[in-house]
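Participant: I would like the atomic coordinates for the input below:
(chains A, B, C and D)
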There are 4 protein chains.
Amino acid sequence: MSISHPNDPISLPPLSPDALLIFKKMESFVTDDCIPSEQTFFSQVSSTGFTCIPPVLISLISKAKSLNLWNLHLKTSLSHLDYARICSVIGRSFLSPHATNTTAPDSGNMEVLHTYGTPLQKSLYLDGLKDGTMRSAFCMTEPEVASSDARNVGGTTFRREVRNGREGYVVNGRKWWSTGAHDPRCKFMIVMGKCISTSGEKEKGHTMVIVPRDCPGLTIVRDLTVFGHDDAPFGHAEVDFNACWVPLESCLGGEGEGGRIAQSRLGPGRIHHCMRAVGLGERCYEAMIKRSLEREVFGKVMIRHGTMQSKIAEGKGRLETARLLTLVAARAMDVLGNKGARTDISLAKILVPRMILGIMDDAIQTHGGQGVEGELALFYGAMRCLRIADGPDEVHVGVVARREAKKWMERNGKL
Amino acid sequence: MSISHPNDPISLPPLSPDALLIFKKMESFVTDDCIPSEQTFFSQVSSTGFTCIPPVLISLISKAKSLNLWNLHLKTSLSHLDYARICSVIGRSFLSPHATNTTAPDSGNMEVLHTYGTPLQKSLYLDGLKDGTMRSAFCMTEPEVASSDARNVGGTTFRREVRNGREGYVVNGRKWWSTGAHDPRCKFMIVMGKCISTSGEKEKGHTMVIVPRDCPGLTIVRDLTVFGHDDAPFGHAEVDFNACWVPLESCLGGEGEGGRIAQSRLGPGRIHHCMRAVGLGERCYEAMIKRSLEREVFGKVMIRHGTMQSKIAEGKGRLETARLLTLVAARAMDVLGNKGARTDISLAKILVPRMILGIMDDAIQTHGGQGVEGELALFYGAMRCLRIADGPDEVHVGVVARREAKKWMERNGKL
Amino acid sequence: MSISHPNDPISLPPLSPDALLIFKKMESFVTDDCIPSEQTFFSQVSSTGFTCIPPVLISLISKAKSLNLWNLHLKTSLSHLDYARICSVIGRSFLSPHATNTTAPDSGNMEVLHTYGTPLQKSLYLDGLKDGTMRSAFCMTEPEVASSDARNVGGTTFRREVRNGREGYVVNGRKWWSTGAHDPRCKFMIVMGKCISTSGEKEKGHTMVIVPRDCPGLTIVRDLTVFGHDDAPFGHAEVDFNACWVPLESCLGGEGEGGRIAQSRLGPGRIHHCMRAVGLGERCYEAMIKRSLEREVFGKVMIRHGTMQSKIAEGKGRLETARLLTLVAARAMDVLGNKGARTDISLAKILVPRMILGIMDDAIQTHGGQGVEGELALFYGAMRCLRIADGPDEVHVGVVARREAKKWMERNGKL
Amino acid sequence: MSISHPNDPISLPPLSPDALLIFKKMESFVTDDCIPSEQTFFSQVSSTGFTCIPPVLISLISKAKSLNLWNLHLKTSLSHLDYARICSVIGRSFLSPHATNTTAPDSGNMEVLHTYGTPLQKSLYLDGLKDGTMRSAFCMTEPEVASSDARNVGGTTFRREVRNGREGYVVNGRKWWSTGAHDPRCKFMIVMGKCISTSGEKEKGHTMVIVPRDCPGLTIVRDLTVFGHDDAPFGHAEVDFNACWVPLESCLGGEGEGGRIAQSRLGPGRIHHCMRAVGLGERCYEAMIKRSLEREVFGKVMIRHGTMQSKIAEGKGRLETARLLTLVAARAMDVLGNKGARTDISLAKILVPRMILGIMDDAIQTHGGQGVEGELALFYGAMRCLRIADGPDEVHVGVVARREAKKWMERNGKL
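Facilitator: Presented below is the predicted three-dimensional model:
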């Protein structure tokens, strides 16, 4: 049975009893601990920048660990669907993913190391990521090409070279949007590029190589802002690899396997972003309602104006649409696997950020001057990136259309 | 547990085994019997108009009965959710609701008679509706007022008068959009209006009265078209009640109870419309894909053009959004009851027709000249009415906004 | 100086004194004569169908002639800009184009015959069109292919054959959307197709041939409806040409010239449609305001509801956008010629119907049940066709994008 | 003749010869001087912040003065229409308004002082603003109320008090979004508030008072960011007035005249913002085309993808719509005066930012990662404010709807 057959009855099983407990605990943790800590976090960060992790976050991490709300993305007993529901709670505060060790790119890097890592790689990097003593970056996008077409990614090269009697790769290239590279805990980066063959040409397929943060030749060129925000202390860096040498054992999953690993990494990653987006959208939606109940304009409280009511009804529609499409995609992953769920994942990837941006824009408008200067503007910028990151809308439109056409042809005997 | 609590995990249980059997049977019936009969239906109707029911429909009715696909809306073992899933199959052909006795307004009238009818009313009218020998109309909307505000409906009056020693009501008024009134099988109409008190003034509340189709003074003034289509042989009539006398026993549920009955009738009715709309939208979406695979333009098959792919991806998003919002509303009715589910019902009522109209409009565009002259245009007109019927969008926007605001206040201790 | 240079100051000269007089006269004619005659026209047509022209239209024609409001599209002293302004007045009633002889396809056919016709063709056909005793059709679109790509039009062939000692063409093919073919005054059709070369193959370029309405082998297969409306007594026909023989002198402008003629014909034609669309949109916009001032809902007159105010402000924005883009395109035609104005024409062709449809849809919603059954629904269907006719949106999107890219490259020295 | 009568032929006279000269000169200045200086400006500002004006801006000011491109908003020989055209050129760089002394709020403050100022006020403040040695702020919006309803603005009070034998006002209150207050050249603020009557109550009408920047009790509480940008060195400040005393002669235009002055100030101000927005939108539109011609994705240059072509065609439509609505509003101000042009001004105020934001959002998407971190994101944030500043969309929707309804009633004899 295919969950995406239009005539097939979609079902969404309820949370398992275990998952429900986690869900409730997470709800309290986010509401009572994370959200109230945000202003403190901002204050602490404004004085420390990229140099250290604010104490308030360290406390939250410690609490999350003690509550067993740590590394939930690695908990195999959680279905994608249940994890999606929990993630929408996590997403209500931008601090919770950091506090619970479920933030990108580390969650994805953990999954990749878990699946493709050698025992040595695991001991060097996975254990540190899992206990939170280490952070990492994922270096894929390059400033010089349209990286939305992954085949374009190829400015970064790995050339074999023996140094001190040991065979390794010389890494050269420029990457950007390396999220988390600025984090003072960041210890390594997974870098996507192309091996140079013995004949001196670039191989066709991609390869992934692990480069330690302190590798000579690795420079963080600058920090990128998102709509003016620098996302300290984590940051989005532009990174230069200038003849960085790493041993052969740094290759992840084998030469030429980079594309396949990236795909396996991006599928769930996209949905994790959507899950959290729903939570953040929910928070903005509630802020809009709150504001509309508090302010009076032209003789009546805002909520009594028809234009305000339209914003709320639209917002509710957007929120539930985003939530349901995400849950369905997660459910499809449970039933059909990551590949079978690609239509549903791409659909969520296109529509969830659009829906949530719509809510945020209306919430900004409802808040007037406070809307463009406060956290709503910060959230808007972060959400806007989701329409570009992990494949821009345009790529996912193509995925959905091609797969839907193929499905139609199969069902109608044209294939 | 409230299903519409944003943090509560929405669940959609799978079809029960019994419902699954019905679902599959309905799928075959609609695909193999109803859709292939549509052109015949149109041909037969074009020569008979409003005078008789086309033979092809009579055959379908007979087959549906033999398959036990008859009166499913009355099957108490079906949850709203399961019925919603089945209805989305029924909706793929405009003939299936007529063939399975689940069409408006008869399905709603059956429910009302079942709940509020006296034994006499049931024997006179309900049995005939149930076995399909009788049809009915529901007369609510009046041409002279904005009927979207139900309180405005009051041009139709019921004045007590004794005739031949028997007490009864004299019905005066003008109604329109009385769907099915033209049907040759139509035997009675449920009329909403206001009683005249003994002091000669209109009562404040509404009352419903049953008026037989052949009651002296009842005239069908004209048939209304929908975007040029007359919907023969069923029709949407403008009906004049000119001093129609009916006995007191014709009152449904008691004087002053009309508003309450209308509400109870409209809730599920709205969702039934949405359910069928999803099915029809699905059909138009598939027609669009089919067309895009068959036609070549500017050197390549249409599906390979980016603008066509956008239409398909948008269409898929609209279809799944419409489907999911409807299923959630149906589920909410199962869990919370019709009243508790009002936010979800209104949300579906606003968004489902909008989504499906979007699909239909793109399908029309994809079909070019054939789009504006064929069945897609017919479907578009019918679907456009849904944004007006059973409460226009604007009314449901208000419902959602007010209920969401109230919910927020309750949760935040402001109520 | 290019009017479409973004930095160039667009100017729109005021109406010339002569044009102003015509404008004012037309305003009175449309307001006082045409609009009040519409209901009579519908009544008369409902009893006569396609058999004759309703007397009320004949009276209007006679009055328009006496007022010198006849054949204004041929008046060389009128700039495109001034004619656009006058056309937006004409468009307020669907009767005025017929009453003033400025309706498609006859206006375009007159222009084509005037420019490309031989003296014989002019005496046979142009004079009759100009004095209104004759009507014509233009047969381009074919049901079997995506005619939006003109190169696809090729199912209709012209094979040379001598009959009775006279050389001529045998016309074979099927056309549809031949507007006006049903009109009882229709005397000939201009047919687009491809000549068969002596070697029996289709020529690459298109050719246009004039076929008399009464030519043996020419059959009107059926009348096409637009959203259910048959547009009697003028009609949109599907026409079959089954071995129709016409003499060589019936060729218009020479073999292989059909594509060029079609282009010259479509440019201004597109803008004429837009001009009239603005007038019709204006009328619907005013109807919406009128309704919102007359009806009361939920305790106040509709106009006082915020959602209604949004519809009016949006409608005003759409109306002025549509008007201005049309005027600018007309002005560009005056200054740059039809070819130089292609970006502006395509832009208007894309956006004007979209804007006016938006107004109409809101007007329908505001009118409730009356909206879907009355003239607003009729107008909506007619306007919806404009997004398909004379090149669908998708084609004009390509035109604008390619021309804008080219302009950018020219200005930045990349071409 | 009313320019906004829907049937009246709108005309836009060409630039006067003098204005054309200025237009061309401005084009060179912006293209050759301002835009190339922007990166330098950012570099200089990043090291000096709010402490001084970057040297590159000082050079531009000097050049603009020498070219007579200074204070063009005060040039009485320029019609609003011609100034609008020139402003759309100015708007292409965010530096040009500062370089030409036409930036908000100083341009508006100059106009207000010119019209309502006493000779003393003019000599103290107007001369300095005009020669650019002085900057100013305009303090209207208050954080505690929905300032979009001007009547809500009343938290700031002026209480009469004699100090040192001189009568004056004690100003108390909190303002925010006081643009330019951070500028090191800022010397005074025009503050809107309410006088306290002798009986101790707030007067109903508003009053404006000039408060010197160095007045004891005036504190800049903080700088507001716009989507994360601080707009240094000009800034948007939150300002606290804690018992600031100013002499009676500081009142502008008389007590109770504040509302009227604000209206006269905001009308043209709104259009000036729109004018510049068009220029900035044009620049982003061109950046989008440039990018689409430079990058290759999925085997072809971006411009050849249908989805990219849609963005360009939509962008062109948005750009021309924004431009034309602005020009028409400016023309209406010339012909009908500021009050008569209110519908046109409000329409432009609603639609221009929406159109330009649409262009910017597509340009961001086309630029991928570079879109969210570079100048496009900066421009987006600034433009987003326009939907809130000077009356949010919702207020202008009401203006348009009410005025259109009134116009309809007048024309149809209902008023």
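
Participant: top helix in chain A by residue count?
Facilitator: helix A:258-294 (DSSP state H).

Participant: how many neighbours does residue A:367 have?
Facilitator: 24 (other CB atoms under 10 Å in any protein chain shown). (C-beta placed from N, C-alpha, C; glycine too.)

Participant: I'd guessed it sits against residue A:373; true?
Facilitator: No - in terms of CB atoms under 8 Å, residue A:367 does not count as a neighbour of residue A:373; the distance is 9.2 Å.

Participant: Which single residue of chain A approaches chain C most closely?
Facilitator: residue A:306 (2.7 Å; CB to the nearest CB).

Participant: Now that residue: closest residue in space, sequence neighbours ignored.
Facilitator: Excluding the flanking residues, the one nearest residue A:306 by CB to CB, 6 or more residues apart in numbering or on different chains is residue C:306, at 2.7 Å.

Participant: wait, what's in contact with the residue of the stretch 101-250 of chain A found nearest chain D?
Facilitator: Closest residue of the stretch 101-250 of chain A to chain D, CB to the nearest CB: residue A:228 (2.6 Å). Counting by CB atoms under 8 Å, 6 or more residues apart in numbering or on different chains, residue A:228 touches A:381, D:225-229, D:377-378, D:381.

Participant: Can you name the two of these that sit furthest apart?
Facilitator: Among the contacts of residue A:228, the pair separated by the greatest distance (CB to CB) is D:225 and D:377, at 12.7 Å.

Participant: Spell out which residues of the stretch 251-400 of chain A are next to chain C.
Facilitator: The interface of the stretch 251-400 of chain A toward chain C, taken as CB under 8 Å from any CB of the partner chain, is made up of A:305-310.

Participant: Most neighbours of all those residues, which one?
Facilitator: Within these, neighbour counts (other CB under 10 Å) peak at residue A:308, which reaches 27 neighbours.

Participant: from memory it sits against residue A:365, does it?
Facilitator: No - here residue A:308 does not reach residue A:365: they are 9.8 Å apart, not a contact under CB under 8 Å.

Participant: Run a quick neighbour tally on residue A:243.
Facilitator: For residue A:243, the neighbour count with other CB under 10 Å is 12.

Participant: ok but it is inside a strand, no?
Facilitator: Yes - with DSSP: H, G, I helix; E, B strand; the rest coil as the criterion, residue A:243 is part of a strand.

Participant: ok, it to residue A:412 distance?
Facilitator: With distances taken as CB to CB, to the nearest Å, residue A:243 is found 56 Å from residue A:412.

Participant: At the contact with chain B, which residues of the stretch 201-350 of chain A appear?
Facilitator: Within the stretch 201-350 of chain A, the positions near chain B by CB under 8 Å from any CB are A:282, A:285-286, A:289-290, A:292-293, A:303, A:306, A:308-310, A:312-313, A:316-317, A:319-321, A:323-325, A:327-328, A:343, A:346-347, A:350.

Participant: returning to that earlier point: could you redo the residues of the stretch 251-400 of chain A next to chain C as CSV and give each row pLDDT and secondary structure?
Facilitator: Shown next, in CSV, are these (pLDDT from 0 to 100; DSSP: H, G, I helix; E, B strand; the rest coil):
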residue, pLDDT, secondary structure
A:305, 95, coil
A:306, 95, helix
A:307, 95, helix
A:308, 97, helix
A:309, 97, helix
A:310, 97, helix
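
Participant: want to throw those into CSV with distance to residue B:386?
Facilitator: Formatted as CSV, these follow (distance: CB to CB, whole Å):
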residue, distance to residue B:386
A:305, 26
A:306, 21
A:307, 24
A:308, 25
A:309, 21
A:310, 19
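
Participant: List just the nearest of the residues you listed to chain B.
Facilitator: residue A:309 (3.6 Å).

Participant: in the stretch 251-400 of chain A, which spans are strands?
Facilitator: Per DSSP state E, counting those that start in this stretch, the stretch 251-400 of chain A carries strands over the ranges A:296-297, A:300-301.

Participant: surely residue A:356 meets residue A:318?
Facilitator: Yes - at 7.1 Å, residue A:356 counts as touching residue A:318 under the criterion of CB under 8 Å.

Participant: where does chain A have low pLDDT?
Facilitator: Within chain A, the ranges that satisfy pLDDT under 70 run A:1-9.
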